[in-house]
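1. just the structure for this:
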Amino acid sequence: MSLWSQIAEESAIRCCTDATRDINTVSRRVEHEGLSFLTITLPSLGKATQKWLDLGQAGTHPSFEKDGSLPRFLGGYLSRVFDRSSGALLDDPCIDSIIAIRQLTLMFGKLLVPCSPARTRAAMQNFVECEQDVRQTDKDLNQEDLTEFREMSSLLFREVFTQMERDLHYGQLQPKHGPGSVADGLTSNGKYQSRTWTRRLEDVFPSYEYLIPNLHFRDELDEVNILEPGMEQPVKVVSVPKTLKAPRIIAVEPTCMQYTQQALLRCFLAAHGRDELLRDLIGFNDQSPNQRMAHDASLDGETATLDLSDASDRVSNQLVRTMVGHWPLLSRALDATRSRRAEVPGHGVIRLAKYASMGSALCFPVEAMVFTTMIFIGIQRSLNVTMTRKDIKSFRNSVRVYGDDLIVPVDHVPMIVQTLEHFGARVGLDKSFWTGRFRESCGKEYFNGTDVSLVRVRQALPSTITDAPGVISAVSLRNQLYLAGYWKTVRWLDKKLGSLLKAGYPYVLPTSPVLGRVSFLGYQSDRMHPFLHSPQVRGYVVEAKAPSDELGDTGALLKCLLGLESRSTLRGAESHLSLVPCYESGLSQRNVETSPWSPTVGQDERHLERSGRPRRVSIKPGWWSSE
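-> Numbers count the residues shown, from 1 in each chain. Just a heads-up that it's a prediction; the model follows:
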């Protein structure tokens, strides 16, 4: 409440209004409704306001009283954007008021707090209902639909699929284990000792090529347990915090599936990187093109931004099989690395009609290809012509796909939305914009060419220094608010954080490892490093140790060899390095420039003793670089 009040007062000064009644309203409703008012009710008003900006007409909201045509709550800001009597968008709305409305309504919308058991159960029920919807869509699609889908996907991805088919034929795939959880509960290093494989994988990814360093260790293949299709381990469906309204549902894959999915993913990204047209149409690691296009669309109105609900859970496996049907090796590989069953809490083990949920390494690229195909089918139907590759190239500046964030031409929006829905996707109309001057894509929002993005609060403010994640989040929040111009609120936050970070809370550059204050006026220098002669300050840095996880023998050799092969691949294909997204590789430029004697890319010298995601995060004081 204190943070909300501080931002409300500062926003009121900017917008020449008064926030006293708004603060009293929020205080009273939080007292009676609890945290849900800030995390659910207010964000629903914020989303409604975004749609009003797009439609050019304000409406009512069931949770707030009306004053004229506008809600009484935040009326001082709303009346500077919409006409109070008619609700129409003003010819010259106050941009500061638009930013204030969005900041005050949406800032707590993605607070990372656990949902109630009832909301988690509802999310699991929705997962099962999505599965039923996918099955129904599969039944409703006729042969003409599937033929059109196959022809359009071939037009778009023929070169990529052919290259992947060639790589599979010659065995030029590079697998990888990640640090995340797996359904069989193996540790990060323990995955390299996995001896579970499936019959479907064995037909495409032979265990003697993937589970042992080389054929000198073939005796160890006797320990491999080859599971028949009916005995395969299902993915484990779990919930993770997203918002208080609903958790995020992901599927934790078995080790062998995740391992080979990463191999196919690398193969796809390399082939995608060679196709100049697809690089313009589909993004995987850089959101800035989508953001730039959203900015331009808010000015010229030529493109729309669409958002899909439950995007990955609504991609039918039937469509994926149709898409790669002309490439038999690739088709078998995508099927072999796909889990067919899921263990859903409260619902038992169910068979999946979707291709994959979030958690599969191939979920993101496959859904991007499916949605891109749907978009161009919609354009083709809108134009009533049979498109060619040359026709597709003419849309390279008006179509862009990044996961479930879609940018499409406004002229073809009705048919594209209809086509997406026809093939099983669900367009979130409350988060899709094409009528007015508001656009949103990949975390950035624009109104008439002005960035009206907000600063989100991810965690509750810390009350003690032992709450390391809270302190880290609060310092990040402080710096984001500073860059957004909320300097009065920043002074209030600095006072609270300064009382916690007693060893030092200095001014630093954004590149400094220190938990400190970013400032346009420069950075602090309390002393010079005795050997490097660089400025240092006393403060806190984040310390996160990987858990103890010893690995030896064959597993250690396999890990090191895979790392060396990764280094060779990266150095030989710098042009494609930028296409490997963070969720797949975990690499940074610093990782790539490690010593040539390092055993694996991105690993420290003790990676065979400690590995995996840290179980806890702490902060420690000391002297560190302020740059």
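
2. so what's the residue count around Ser499?
-> 10 (other Cβ atoms under 10 Å). Just so you know, the C-beta spots here come from the backbone N, C-alpha and C atoms, and that holds for glycine as well.

3. burial count for Asp219?
-> Using other Cβ under 10 Å, Asp219 is surrounded by 9 other residues.

4. and it, how far from Lys502?
-> Using Cβ to Cβ, to the nearest Å, Asp219 is found at 60 Å from Lys502.

5. which non-adjacent residue is nearest Lys47?
-> Setting aside the residues directly before and after it, Lys47 is nearest to Asp430 in space (Cβ to Cβ, 6 or more residues apart in numbering), at 5.7 Å.

6. isn't the one you found up against Lys51?
-> Yes. Between Asp430 and Lys51 there is a contact under Cβ atoms under 8 Å: 5.8 Å.

7. higher neighbour count, those two?
-> Lys51 (19 against 14).

8. wait, is that one part of a helix?
-> Yes. Lys51: assigned to a helix according to DSSP: H, G, I helix; E, B strand; the rest coil.

9. what separates it from Thr466, distance-wise?
-> Taking Cβ to Cβ, one finds Lys51 at 42 Å from Thr466.

10. same deal with Lys545?
-> Taking Cβ to Cβ, one finds Lys545 at 17 Å from Thr466.

11. got it, and Arg456?
-> In terms of Cβ to Cβ, Arg456 sits 24 Å off from Thr466.

12. and those two? which has more neighbours close in?
-> Arg456 (15 against 11).

13. picking that back up, now the residue nearest to Lys47, what's its secondary structure?
-> Here Asp430 is recorded as helix under three-state DSSP.

14. count of neighbours near Phe520?
-> 6.

15. pretty sure it is in a helix, no?
-> No. Using three-state DSSP, the assignment for Phe520 is coil, not a helix.

16. look up phi and psi at it.
-> With angles defined as degrees, to the nearest 10, Phe520 sits at phi -70, psi -10.

17. quick one: pLDDT of it?
-> For Phe520, the pLDDT comes out at 92.

18. contact partners for it?
-> With Cβ atoms under 8 Å, 6 or more residues apart in numbering as the criterion, no residue contacts Phe520.

19. distance check, it against Val490.
-> Taken as Cβ to Cβ, the span from Phe520 to Val490 is 12 Å.

20. go on, Cys256?
-> In terms of Cβ to Cβ, Cys256 sits 50 Å off from Val490.

21. between these two, which is the more surrounded one?
-> Cys256 (29 against 24).

22. for the helix or strand that one falls within, the averaged confidence score.
-> Assigned by DSSP states H and E, Cys256 belongs to helix 255-273. If you average the pLDDT over helix 255-273, you get 94.

23. and the following helix or strand past it, how far from the chain's centre?
-> Next in sequence after helix 255-273, counting helices and strands by DSSP H and E, comes helix 276-281. Taking Cα atoms, centre = their mean, to the nearest Å, one finds the center of helix 276-281 at 20 Å from the center of the full chain.

24. over to stretch 224-243?
-> For stretch 224-243, the distance to the chain centre is 22 Å (Cα atoms, centre = their mean).

25. just give me the residue right at the centre of this structure.
-> Centroid check for the chain by Cα atoms, centre = their mean gives Gly403 as the closest residue, at 8.1 Å.

26. from what I see, it and Val366 are in contact.
-> No. Assessed by Cβ under 8 Å, Gly403 is found out of contact with Val366, at 11.0 Å.

27. show me where the stretch 501-627 of the chain has strands.
-> 507-508, 517-518, 527-528, 535-543, 618-625 (DSSP state E, counting those that start in this stretch).

28. buried ones in the last one?
-> By neighbour count, with 16 or more other Cβ atoms under 10 Å as the criterion, the buried positions of strand 618-625 are 618-619, 621, 624-625.

29. and the residues you listed, which is closest to Leu461?
-> Closest to Leu461 out of the buried residues of strand 618-625 is Ile619 (15.6 Å), distances taken as Cβ to Cβ.

30. how near is the closest one to Asp526?
-> Counting by Cβ to Cβ - Ile619 and Asp526 are separated by 18 Å.

31. what of Cys560?
-> 42 Å.

32. these two: who's more crowded?
-> Per other Cβ under 10 Å, whichever of Cys560 and Asp526 has more neighbours is Cys560, with 19 against 13.

33. and the pLDDT at that one?
-> Cys560 is assigned a predicted lDDT (pLDDT) of 87.

34. renumber starting at 582 from here on
-> All set: I'll call the first residue 582, so the last point we hit is now Cys1141.

35. quick one, phi psi at Val833?
-> phi -90, psi 120.

36. partners of the nearest residue to it once chain neighbours are set aside in the sheet?
-> Ranked by Cβ to Cβ, 6+ apart and with sequence neighbours excluded, the top spatial neighbour of Val833 is Lys817, at 4.3 Å. For Lys817, the beta-bridge partners are Val833, Glu924 (DSSP bridges).

37. now do Lys817, the pLDDT please.
-> 96.

38. and what of the one 4 residues further on?
-> If you check Val821, the pLDDT there is 89.

39. what about the nearest residue to Gly637 once chain neighbours are set aside, how many residues nearby?
-> Leaving aside its chain neighbours, Gly637 sits nearest to Leu670 (4.3 Å; criterion: Cβ to Cβ, 6+ apart). For Leu670, the number of neighbouring residues by other Cβ under 10 Å comes to 20.

40. how close does Leu670 get to Ser1013?
-> 18 Å.

41. one more: Lys974?
-> In terms of Cβ to Cβ, Lys974 sits 25 Å off from Ser1013.

42. who has more neighbours, those two?
-> Ser1013 (21 against 13).

43. would you confirm that the more buried one contacts Thr886?
-> Yes. At 6.6 Å, Ser1013 counts as touching Thr886 under the criterion of Cβ under 8 Å.

44. which one is Phe957 nearest to, not counting chain neighbours?
-> Closest residue to Phe957 apart from its sequence neighbours, by Cβ to Cβ, 6+ apart: Met733 at 5.4 Å.

45. contacts only, for the one you found.
-> Here Met733 is in contact with 954, 957-958, 961, 968 (Cβ under 8 Å, 6+ apart).

46. go on, Asp1032?
-> With the criterion set at Cβ under 8 Å, 6+ apart, Asp1032 makes contact with 876, 1025-1026.

47. and what of Val785?
-> Neighbouring residues of Val785 by Cβ under 8 Å, 6+ apart: 749, 910, 913-914, 917.

48. in TSV, list the residues you listed along with secondary structure.
-> Formatted as TSV, the contacts of Val785 follow (three-state DSSP):
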residue	secondary structure
Leu749	helix
Leu910	helix
Arg913	helix
Ala914	helix
Ala917	helix
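
49. most neighbours, which of these?
-> Ala914 (28 neighbours).

50. for that one, give its distance to Pro756.
-> 12 Å.

51. so for the two, which residues contact both of them?
-> In contact with both Ala914 and Pro756: 786, 841, using Cβ under 8 Å, 6+ apart.

52. name the nearest residue to Thr1016, sequence neighbours excluded.
-> Using Cβ to Cβ, 6+ apart, the closest residue to Thr1016 is Asp635 (5.1 Å).
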